[in-house]
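J.: Have a look at this fold, sequence not included:
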């Protein structure tokens, strides 16, 4: 939740009413996510989804990597901007929930461009020789720093990386957080800010998106 949403609950509705309409398949996926999962708040959602779609369309990436598929909402948003022969690789380890993203990936116009793998992202990044021009990370926060370090050699100049939940419900303001996830998110934000290979900006959309670009 952003500062504006917290101070003015009506702001979320206003923003959605003045944002491009999400495709019907995403509307249906969002509804089913809330009906069939125990943590539906993990979905990227309307506003963040439109941001991902617009950024992808601006970049027209040939090779996208997503770490943390959940129900596939963000995957389909990112796929909207794929180059004609491009692909998106999306990774998750939740086999029990895999039926849901698979269902919507199969229905979507991007089905042939989506490579959904039930695989640990750290293992994937250590094994792959691929380069990615757009990366979206919304997974286990304790591994955010390791993901960043593993991704750096796999992106070229001009590549864009997004980390989700980098404000962590405001916990990043704690001086000495006890929660490991908070510690790692704070460490990531500091690491990125001090890394001269990147230019960066934290967007206060929902729970915070750290937008970085390789120089």
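T.: Yep, it's here. Computed from a predicted structure; not experimentally measured. Numbers count the residues shown, from 1 in each chain.

J.: Give the buried residues for the strand ranked longest in the chain.
T.: In the chain, assigned by DSSP state E, the strand with the most residues is strand 155-164. If you call a residue buried by 16 or more other C-beta atoms under 10 Å, then strand 155-164 has these buried ones: 155, 159, 160, 161, 162, 163, 164. (Glycine included, C-beta is placed from N, CA and C.)

J.: Packing partners of it?
T.: Contact partners of strand 155-164 among helices and strands, from 3 or more C-beta pairs under 8 Å, 6 or more residues apart in numbering; DSSP states H and E: helix 45-59, strand 132-137, helix 144-151, strand 209-214.

J.: Columns pLDDT and distance to residue 58 on top of the buried residues of strand 155-164, output as a markdown table?
T.: Converted to a markdown table, those look like this (pLDDT from 0 to 100; distance: C-beta to C-beta, whole Å):
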| residue | pLDDT | distance to residue 58 |
| --- | --- | --- |
| 155 | 97 | 17 |
| 159 | 98 | 13 |
| 160 | 98 | 9 |
| 161 | 98 | 15 |
| 162 | 98 | 13 |
| 163 | 98 | 19 |
| 164 | 96 | 19 |
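
J.: For residue 16, state which of these is nearest.
T.: Nearest to residue 16, judged by C-beta to C-beta, of the buried residues of strand 155-164 is residue 164 at 18.7 Å.

J.: who's in contact with residue 28?
T.: Under the criterion of C-beta atoms under 8 Å, 6 or more residues apart in numbering, the contact list for residue 28 reads residue 104.

J.: which outside residues touch stretch 84-98?
T.: Residues contacting stretch 84-98 (C-beta under 8 Å, 6+ apart): 37, 60-72, 75, 78-79, 82, 101, 110, 113-121, 124, 130, 139.

J.: do the same with stretch 49-59
T.: So stretch 49-59 is contacted by 19-20, 22, 26, 44, 64, 73-74, 77-82, 133-134, 136, 160, 162, 203, 205, 209 (C-beta under 8 Å, 6+ apart).

J.: and if we set it to 6 Å?
T.: Contact partners of stretch 49-59, identified using C-beta atoms under 6 Å, 6 or more residues apart in numbering, comprise 19, 20, 74, 77, 78, 80, 81, 134.

J.: And the buried ones among those, selectable in ChimeraX?
T.: In ChimeraX, a selection of the buried entries from the contacts of stretch 49-59 looks like this (16+ other C-beta under 10 Å):
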select :74,77,78,80,81,134
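
J.: Kindly reformat the contacts of stretch 49-59 as CSV containing pLDDT.
T.: Converted to CSV, the contacts of stretch 49-59 look like this (pLDDT from 0 to 100):
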residue, pLDDT
19, 94
20, 94
74, 98
77, 98
78, 98
80, 98
81, 98
134, 98
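
J.: ok, of the contacts of stretch 49-59, which one's closest to residue 149?
T.: When the contacts of stretch 49-59 are compared for distance to residue 149 (C-beta to C-beta), residue 134 wins out at 18.5 Å.

J.: Can you give me the distance of the closest one to residue 211?
T.: Noted for residue 134: a distance of 11 Å to residue 211, by C-beta to C-beta, to the nearest Å.

J.: So which residues of this structure form helices?
T.: 3-7, 10-17, 24-36, 45-59, 73-79, 99-107, 121-127, 144-151, 180-194 (DSSP state H).

J.: Please name the residues that touch residue 133.
T.: 61, 63, 159.
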